[in-house]
Each structure stands twice: as structure tokens, then as C-alpha cells.
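Undergrad: Structure, please.
(4 chains)
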Amino acid sequence: MSIFITRETRVLVQGITGKEGSFWTGHMIDMGTNVAAGVTPGKEGQSVFGRPVYHTVRRAVAEHEAGSPPCSLFHRVLPGCGFEALDSGIKKIVTIADGIPLHEMVQIRAAAKVEGALVVGGNTSGCISPGEAMLGMFPYWIDRVYRKGTIGIMTRSGSLTNEVTAMVVQAGFGVSTLMGIGGDPVPGTRFAEMLPFYEADPETEAVVIIGELGGTMEEEVAEAVEAGIFTKPLAAFLGGRTAPKGKRMGHAGAIVSGGRGTVEGKVKALESVGAAVADRPSKVGLFLRNLLDRGLTY
Amino acid sequence: MSIFITRETRVLVQGITGKEGSFWTGHMIDMGTNVAAGVTPGKEGQSVFGRPVYHTVRRAVAEHEAGSPPCSLFHRVLPGCGFEALDSGIKKIVTIADGIPLHEMVQIRAAAKVEGALVVGGNTSGCISPGEAMLGMFPYWIDRVYRKGTIGIMTRSGSLTNEVTAMVVQAGFGVSTLMGIGGDPVPGTRFAEMLPFYEADPETEAVVIIGELGGTMEEEVAEAVEAGIFTKPLAAFLGGRTAPKGKRMGHAGAIVSGGRGTVEGKVKALESVGAAVADRPSKVGLFLRNLLDRGLTY
Amino acid sequence: MKLFEYQAKAIFQKEGIPIPSGYLAAPFEAAGFCEQIGFPCVLKSQVLQGGRGKAGLIQVVKNSAEAGTRIAELEARGVKTILVEQAVPIARELYLSVTVDPLRASALIIASGEGGVEIEDLAETAPEKIIREEVDITAGLQTYQAVDIAYRMTDNPDEARQAAKIIQALFKVFSKYDAELAEINPLFVTESGELLAGDGKLVIDENSMGRQPGFERTRDHYDSDMEYEAAQEGIPYLQFDGEISLMCAGAGLTTTVFDLIHYEGGTVANYLEFGGPNYRKAVQAMELCLRNDSKVILIVTFGTIARADVMAEGIVDAIQRLRPNRPIVACIRGTNEEEAKKILEAAGIEPLYDTEEAVRKAVALCGQGSAISGADDPDGRDGGEV
Amino acid sequence: MKLFEYQAKAIFQKEGIPIPSGYLAAPFEAAGFCEQIGFPCVLKSQVLQGGRGKAGLIQVVKNSAEAGTRIAELEARGVKTILVEQAVPIARELYLSVTVDPLRASALIIASGEGGVEIEDLAETAPEKIIREEVDITAGLQTYQAVDIAYRMTDNPDEARQAAKIIQALFKVFSKYDAELAEINPLFVTESGELLAGDGKLVIDENSMGRQPGFERTRDHYDSDMEYEAAQEGIPYLQFDGEISLMCAGAGLTTTVFDLIHYEGGTVANYLEFGGPNYRKAVQAMELCLRNDSKVILIVTFGTIARADVMAEGIVDAIQRLRPNRPIVACIRGTNEEEAKKILEAAGIEPLYDTEEAVRKAVALCGQGSAISGADDPDGRDGGEV
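TA: Numbering: from 1, shown residues only, chains lettered A, B, ... in the order given. Have a look, this model is predicted:
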């Protein structure tokens, strides 16, 4: 099994006719994803890989009544298109789009909470369950990364995802579901909010978090473990340990600020609840072997 | 008994230190209303008729923890002070204030729906249960109007309230609860939304609606009766029958527009569900006698 | 407050809604602007009444001679300002408005891909063609909603793109200007495929005027000098041509008295609200009534904050200062009504307590002519002069 | 984008937040403005780094002589712009900021009736004195919330009235300018009881720069010319003084490589992100690296959309055009990595697959000096010239 998306999950692609949108729609379908329809204003009547295109999400949903599909937002076809999916009753939304204004993203996250929906992203590659389905854009054909298995992976970083996942696979494991929660300062869904899904998934044996300095999401994961919300083995990779304080290196989320948000604080919080925190990607694989061996001998 | 307010209901008065606020607070207390505290920013530490004054509703509520009181807003102490009461958890709010901007009132009504609160007004004298308590400003000492009894009265008009109620009393009846829903185009609570309270009140035998041309509130009352939400005898007074169409006479709510909102349409809708609709205030009393005699012989 | 078409269109244009090119002109300037724009062009009288087309207040003119004739006709009808616009070749007419839904507590966009000026007929004959979209007034209009409405108005992507922008701009106007109503009717689709606001209606919420500076009511907003003057005093006033001058408190009660007079066979000279914030303005109110050719002044109040004794004092004061030349019927009730009774009696005025009785008395007095002391001017024209 | 104090204060003032009077000056003009304002006055260096007070970049001067000395010192430290402000007599310092709470998905006002510049210490020693108020970012700040916060900051009604207005104005700045952070620290209470923004910090969301026109990053926003030039190319770049030039893809991976180099005992000459939208900018990226006094260029990527073959082609192209005078270690993986391998091998570059191996190799090469063909300029200073 997999979390968030299965082969049966019906997918709507916002921005399906764009260059990136159609390219990755093709790959999602190749991989077995059940893409039902797409949306691009002004392109209703066209089709992409045989999937009908509609002007708006509302029209697409109305035409595909049997259950509202989750919805992958490719490039931001309109300002606020996250609201379009939410207001159309879609409960699982992946926001590939980057560059979403901060205040808009706060509004989208607030609206999703009210609606009981999950908005993943923005600025993410999406999520993939190797061998099952993909809601996003991953080079699933690179077998030394996207191998089916039992490790759930959550990541804040696009560029580290392949790097760390390759180490997981190299250590003899595979991936149940890889979830990119996005690199913007306010992701629609936070690490800790995904943990219950991994906890409930019988095929996920352990979870790896690819964190980052800044923010408090790793600390929240530690709190969730402490609260018993997540009980499976947990490993993490946290980079940025030698970054000079106050130097801004990339993402806004990487600004070191206040007492929380430091790598040291995150490592301490995670280790205090039994997580194995790696300082090199290669150690993630080693830690997983230890954690799962221990888990098995109990 | 009475609806909305009893002798036990703890009342918070926003704008208690103003001229109107303190004058009517005195009368509310004289009549027996349980005024617990008041609010005027900058006046914390003062008292009005022995009631403590706080800077903000939040502070007042925090100091009076045993149940949040309903709240009568006297003159608008701050823009958006309806939100202050709502956000402080108060569920019954009377907005005496007039001149509330239309868009703000729409927001307040929308927020009240989300919170499951009742905001009555703005631009109303409030509500009174003669012999019990008053949340607003009524000359309760005029005995030929504010006599305790069994008739529920709802009104959109300030000036007609005394006129019509005097006729009800003259016909031998009294008032259970008189509820001024306010004269602005978007009242926080509508006639039909108050009906369930009158329906549930064992001391209310019949309800009189003092309507007005414009809007669709009288039609909504007819729909509520049709739907069985209200089953007691119902009378109404509707003025404006000889008003020239399109002439604007007073309130914005009195603009005749579209198919609904005409006096003829309202009369037809109400009569079709068995209500007695008077064209003169004096007939209201006569109709009530007929309705209740009929009711009593059943 | 309802704005004139030219005011609404200026705001529309500022917020990005295309409008036909045109000039605002006094009648004497209008012919010159017609020549400048070229023929055919349109003369649009800037008056607030609805149905201007059917009333002949909008005229398409094909040449200079016709323009001259029509301008003279409009001027003769009292039109003081004309919007001279290019006559755009129209392919179709759409409808678009933003208003408030009091029941749902939301903003409401109403649109149609047909209809234009016939929108009300369409709403009756083919209600499914009327598009209604609720908008959260706090969050505002989402772009996707504008796009969705646009594609329900037209299947043509080029038109829809324009429509979506206009919908967003009109909603912005609605929000920014605290509008009760922002309407484009008709919304033209020109033969070359452009969308243009053919008309503009913008009604600003009265309660928001304090935070919407820059709008002033001028004489042009009123049907008569009297209504304008009353408005300057803050007194709601409507002119009629009957026999009884109303001087009543509150819209609901005044409207009811208006009804009762008609039920009793009487006629109304003027509607006047003398209550609420005006309850100390008895002199100004009575002066307005006396300028009418009425036979009786009927005063009906039943006040709470507007205390009966203060009103009675004001009326006695007004009578002493204005010496009205016609009978006064007074039915003043409410807070301190006992005090009011004494004041009126001391001034020789009979205090009544029953509205219907007061109305009957006023109607009866109309049959008798004036019968009060000081009625030295029987036709009443000078009665209001102090 | 973090604004300078003077930019933030100009915006604050425009939105109604009182600020001390002052002038913006080049160092040579500053002494004149000091005389104009009178002594004592404050010299505030307009640089983006935090902790300016402790770093001596803010100086109170009591007379002309002291002003001259301090201005010369600041200029010597590279300060190009000085805000010369009146020295306001301060009774107390408050704290106020508006930011975003990513977890609760709301705006967050943080305030305190104490603290001022020592707010971080206060947050640790007396957290109950820190006022936190969540604000719905869609509905915006309610007036009552501002009033409530104000009376938690101070019991003095006159101060609270001023504070409430400043809170509302700062929230408006936050909303209108799409701020990540809008902060007044300290918020002065002067001896005469006025509230004034003693400092101004405004950080505008990078993703909103498109809808926030008028802000441009100038040379002053960067620590070095190289960082500024890289930014002009859209390339994230940070200057260090070690031996290995990084040319990696993505912030997370680049930061990790940065760590790994230090773990292996190496040092970094520059941080450079060559990925995402920059993955076709190999020539510009390598040129920046070559202008460093580094011993090795380390390229690490693991791309998805940024295809490995395109990156490899770019690197080969860059090597041919720039003829780098130092060794290049390339670890290019991801989409089309087989293709990339062939391209690199054809150009004589060994394709590596393991990041840690690549890092170890780069660190080892630092010990050996340069060893690549075309390394005709051992000190590397000219390496970046095309």
C-alpha cells in the first residue's frame, strides 16, 4: 500500500496543457497513475494523453462526479488556484507551483484546516509511491532511487531527496511513499501532520525525515513521537551543521533564528525521542539497518 | 419566560460609559436586568451604577469567568466591535449601534453563522421581555405599550414598534418578548431565524411581525411556517402599500426592487400560510383576538 | 448613494474596466463633442432615474442636425449634463453585477451571457441563464471564480479572458467603494470582439459614506429644490402634490401614516421624517411643510429616545415662530408623553393619542379649509416665510 | 528581501507610524545634518546586518567634534549611508512586531511593554511578559485586537491609544507590503509621553516581489561585489575564504556538501547554487568560481527537472570556454545520468556517483595543488577572465 495516492486514486492536473504539466502528466500515466482529467482555462475541449481538459476545476469535478479526485497543481495557472481545488471539495492537493506569495500560502493552509483537506507544497516535487503511482514529478525511472519498499520518506528539500533516498536504497531498502512537503517557509502540510498516515500504513516500517535548519517542523515531529502519535522507527538527516550563523544559504526556511530552529536543537529534540539523526546522507542507510534490526529482534 | 434574555442572563454593555450607554444601563438595571460589567477602552477601573468597567471585552470576560454573558453593544465604541464580542465567545449579541458599514455587517453575520452565535441588529432598540429584563433601550415605563403578556413581537422598524405594540396591548394582550431586528439592509439575525425561539417558548402564544417593504424577510417567515418550523398563530403588519414604486422612503431596505420585496408579494406569501396580515396597526389587535380565540376553541 | 453613470464609469476605468470613449458636456458643449467623436454617436443624459433608454433620455444621433435637435430636446427636459459617447458597433450584450446577499451573508455576483438591458425579462423567462456566484466578502473574489463565471458567460476564450478581468475589476470596485451595487448593464461585446462597459451603475452604502470621501450629493441628486434643501438639513423629504403635509417620526411610522391617509381618502402633500436625529428640528421641518400648498400639517410620533416632551416643545416653538396658516393635528406619544400633553394643551393644541384618529381628523380638516388663527394668507404660498 | 532602516521608516511614516525626525546622508553630508538637527543626535549606519548598536554602527554624538570623529570612523568601516536622527529623550522602550505563524497559519503580533532591544533576553527570562496575538490573515486585524494588545503593553490610556494606532498601522504595513516581518524595536515612549518607532525592520517575502514593485536590490544589499554580481545572474552565492569552490544544485544539497567538506577537514571558498532555474548557467557559475582563490571546483548535482545531461554539457562547454586553471571534481546524477556520464567521459572528466567520495576527492586535491591542463596561472586570479 501507499499513503496519499494509490493506483486507484483519481487525479486532476491543474495546468495540464503547459510544457511541464503535459510532460509530467505523461510520466504519471506511464507509471500507472490514474489521471482522470486536466484543467487549463481556455483549453476546454482539448485532451492531453487522452485525458479531457476543462476550463476550471469546478467544471472538471462536475463532469467526473464519482468522487472528487485529488488534484496536482502544476505551474500556477492562476493566482490562488489552491483555493479553486479546495472550494471544489478536493481534499488532497499537491501544489507543485513555486513562488506562491507567503500571505497567500498562509491563507491556503488556514482554509485547508477549515475544510479538513491536505494541501502539500508549494514548491515541491510532490509525492511518489514507487511501483504504485505518482502525484508530481520524480525521475521514477532511476531505479537506484525510486525503488519500492517499506521506508516512508518526508523531505523539505528538493535537491537532497534523490541524494538521501539513494542512500536508503543502497542500504538495501526501498520506499513506500516519498512525500515532498515543499521548500517554502509556510508549507501547506507539515512533517508532523503526515506522520499519522505513515503510522497507519501497514507497508511502512520506518520513516526518514530529510530536514533543514530553520523553522520548527523537526521539533514538532519529536513532539508527535513523544505524544505517541508515531511509534515506528524514525531516522533523520539534518544538514547545515557547519553553516555560519546568520548567513542565509538558500531557502527562507534556512535562516537560523531564535532558540528553536538551530540544527543542534533539532538533533537534540529528535534524539531525545529515540530517533537516529544522521549528519551525512550515507549514515541514514546505516541507521535504518540498525533501527530495523533492533525492531526485528524485539 | 422570555426568549433571548431573562432576569438571570448576565449582560455586558459595550460602550457603557457613554451618555446613551450609561443612561440606558441605568434603566436596564432598574428594570431588573442583570448587568454584570461594561466595556469602554481607556476607562478600566471606573464603574457605572456599581458595575465594573474594562478596557476590552476579553478582559471583562476573563474577569467574569462563570459563563460568557450576552453583550449589548451601545454606540459603536470601535469599528468592528461586533467581532470583539464574537471572538470573545459571546453567543448572544445585540448591536444597538447604527451606521455600521454594509460590508462589515455582512462579515459580522457570516462570522456569527460560523460561531453559532446570534447577532441582533445593528440599528435596533434591542429586545425587551416586559417584567423580566431588557437588552437595549425601550421606554418600558409606558404601560400601555410594554405590558407583560403572551405575544411575541418582531420588528424591523423603530418607529412602528410602539405604535403597533400599543394596539396589541389595547386589544387586551401583552408582550412576551419584543425583538427589534434592526433597520439596516443586512440585519445580523433575520425574522425567520428568531421563530424557533418563539416556537419553543411556552409563554408565547402568538407572534406579530412588524414588516416593511423591501427585502425578503417576510417571505422567509412564510417559508418557515410552510416548513413547519413555526406552528403558532401569526399576525403581521405591513405598511408601505400606497408608496409610489421606486420612490425611496427612508431605509435602504425600503427600496422596492424585483419581483420579491413588494408588499403585495409579502402579503400573499404570509396569507398563503395562514397568517393574518393587517394593513392598519389597529387591525393587528383584532386579528390576534380572532387568531387566539380560534386557537383556544380547538 | 447612487452615482451618476459618468461617475461610475470614471471609477470603472480607473480600476481597469474598458469603457467607450466619451466626453462629459453641458448641453451647449455637447454638439461640439459630437463632431469631435464623429457620427454616429450617443447622447446619454446624466440623470439618476432608471430606464433612461425607454424614457428617451439616451439618443443615438447620426449627423450634426440630428444631434442639435436631440440636444435641444434633452435640455428642454431639464437635462443639465450629457455624456457624449462613441457609438460602438455591438455584437452582443452581456450582464454583470456585484451586490450583497443579506440572507447568505456574502457578496453575490450575478452575470449572464445574454440579456443586457433585457436582463429582468430573461430572469423570468430563462432563469437558468442567470449565473449566480457567492463570494466570501472577507476573503474576496478568487481568480478562479472570475474565470469560472467568465466561461459560463461565453465559450470564446478571448472574450472569457476579458470578462474574467472585468469581473475582478468590478468586484474590486464593489469592495473598495463599499458598494451596495456595482453593475455593468449592458456589458458590450463589440463587433471586433472587445468587451466594454455600456453603462455603469454604482450605489455606495449610506453607512459607509464616512469612509468614502469625495462623494457629495448635489442638487442633481434630487427631484426638487425642496428635497435638496431638506437633505441639506438632514431631513428625509419627498414631494407629492396632495393636501396633507406629513411631519412624522421614523420611516416605518411615516410610511404607515402615508398609507392611512390614502385609506381614508386623503392625499399627501409631502413626506417628511421628523424623528431620530431630527427630533429637535421642529422649526426646520415645519418650515418645509409650510412651503407646500397643503391644507393641514399632520404630526405623528411615538418616540423612545426622541422624547415626546422635547418634540412638543419644538412644535410649540415652531408655531410661535412660523405662525402657520393652516391647522395642525398633533399625535405625540412615547417617552414623557404626559409632559408633552401638558405642553401642547398649554399652547392650545389638542393632544391626540390614536394615530388613526389623527389621520381621520387631518383628512376631515382638508374638506374645511384653514381654520387657525394667523391664517392671513389663504393660498398658503407664503406660510413658510419667517 | 530585508529593507534598510530608512526604507522601513519611510513606509512606517507613510502608513501613520510616528518616527523621530531625521535625514538620510552620505558620510560627507552627515556633519551638516547633525548641526541642522542639533545635539545630541544619533548617527545610524544604514547597513543590513543586525546588532548594529553592539557593533558600534549606531553612535550618539554630543557635539560637532564628536560627530566628525564618529562619521569618519563609520566611513572608514565602509558605511555609505547614515541616517542622522534627533536624539529623543526616552522614558521607556516597548517592543512590537508582526510576522507569520507557519504552524497556526495566521499572522502573529508579538508585543511587549518592556524589553526593547533586550527583547530576546526578556523572552527567555520572563516569557509571560511577551504578548502574542494571533490574527486571521484573511480577515485582518480587528480594531479591538489592537486595543487589547495596547492595554496589555501599557496601563496608561494615552499611551495605549497611540499604541493601538501604531499596531494597526504596522499590521497594515505587514499586509500591504507582503511582509515576512514588520518590526519596531525599540518602540520608544518619550519623556513627553509620545510613542515613536526607534528602529524599523521590514522583510518582504521573496515570492511576493513580483507584486511589490519599487524595491530593488542594490550593491548595498550584499557583503561583496561577487555576491552582488552573482545575484544579478540570479545565482545564490556566498563568499568564504577556503579552498574549494562549490558549484552544486539546490540549497539542501549545497548545504550538505558544505558540511561534508568541513567534516573531511576541507574549507570552502564559495557557496554557489547551480541548479533549479540556473541549471543552464554553467558558464556564468564556473566563471564566478574561477574568480576565487580556490584550489578545486567541486560540482555535485542530483537533479530531476535539471537534467544531468544538460548540466554535463554545460560544464563541458564552460571548461572549453573558460579553460579553468584548477581541477574539477564532478558528481552529476539524476535524470539522464547515463547520458551525462558519456558526455563527461568524452571531455576527459571522471564521472563520480557518490557525493561523499567526490567531497573526499576534492579535499584531497587541495593538498596537491592544481593538476589540470590549461592551468597556466597557478595563483588562479585570472582564471575567471574569459
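
Undergrad: Send me the lowest-mean-pLDDT helix or strand in chain C as CSV with only the CA atoms.
TA: Every helix and strand in chain C was compared by mean pLDDT, DSSP states H and E; the lowest is helix C:119-125, with a mean of 78. C-alpha atoms of helix C:119-125 as CSV (Å, rounded to 0.1, in the frame of the first residue of the first chain):
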residue,chain,number,x,y,z
ILE,C,119,-31.9,41.1,-18.1
GLU,C,120,-35.1,41.2,-16.0
ASP,C,121,-37.2,39.6,-18.7
LEU,C,122,-34.5,36.9,-19.1
ALA,C,123,-34.5,36.2,-15.3
GLU,C,124,-38.2,35.4,-15.6
THR,C,125,-38.3,33.5,-18.9
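
Undergrad: My reading is that C:Ala72 is in a helix; is that accurate?
TA: Yes. With DSSP: H, G, I helix; E, B strand; the rest coil as the criterion, C:Ala72 is located in a helix.

Undergrad: pLDDT at it, what is it?
TA: With respect to pLDDT, C:Ala72 scores 96.

Undergrad: For it, which non-adjacent residue is spatially closest?
TA: The shortest distance from C:Ala72 to any non-neighbouring residue, by C-beta to C-beta, 6 or more residues apart in numbering or on different chains, is to C:Pro27 (7.8 Å). The C-beta positions use only the backbone N, C-alpha and C, and glycine is treated the same way.

Undergrad: quick one: contacts for the one you found?
TA: By C-beta atoms under 8 Å, 6 or more residues apart in numbering or on different chains, the contact list for C:Pro27 reads C:71-72, C:74-75, C:79-80, C:82.

Undergrad: how about the least confident helix or strand of chain C: buried residues?
TA: C:119, C:122-123 (16 or more other C-beta atoms under 10 Å in any protein chain shown).

Undergrad: Kindly indicate which of those lies nearest chain B.
TA: Nearest to chain B, judged by C-beta to the nearest C-beta, of the buried residues of helix C:119-125 is C:Ala123 at 8.4 Å.

Undergrad: so who does that closest one touch?
TA: C:Ala123 makes contact with C:115, C:130, according to C-beta under 8 Å, 6+ apart.

Undergrad: for A:Arg241, same thing?
TA: Taking C-beta under 8 Å, 6+ apart, one finds A:263, A:279, D:259 in contact with A:Arg241.

Undergrad: What mean pLDDT does the helix or strand that contains the last one get?
TA: When elements are defined using DSSP states H and E, D:Asp259 is found to belong to helix D:251-263. Here helix D:251-263 scores 93 as its mean pLDDT.

Undergrad: How about stretch A:38-58?
TA: Averaged over stretch A:38-58, pLDDT sits at 93.

Undergrad: just the residues of the stretch 101-250 of chain A that are near chain C, which are they?
TA: For the stretch 101-250 of chain A, the contact set with chain C under C-beta under 8 Å from any C-beta of the partner chain comprises A:Gln107.

Undergrad: secondary structure element for the closest residue to chain C within the stretch 101-250 of chain A?
TA: With C-beta to the nearest C-beta as the measure, A:Gln107 is the residue of the stretch 101-250 of chain A nearest to chain C, at 7.4 Å. Secondary structure assignment for A:Gln107, by DSSP H and E: helix A:102-115.
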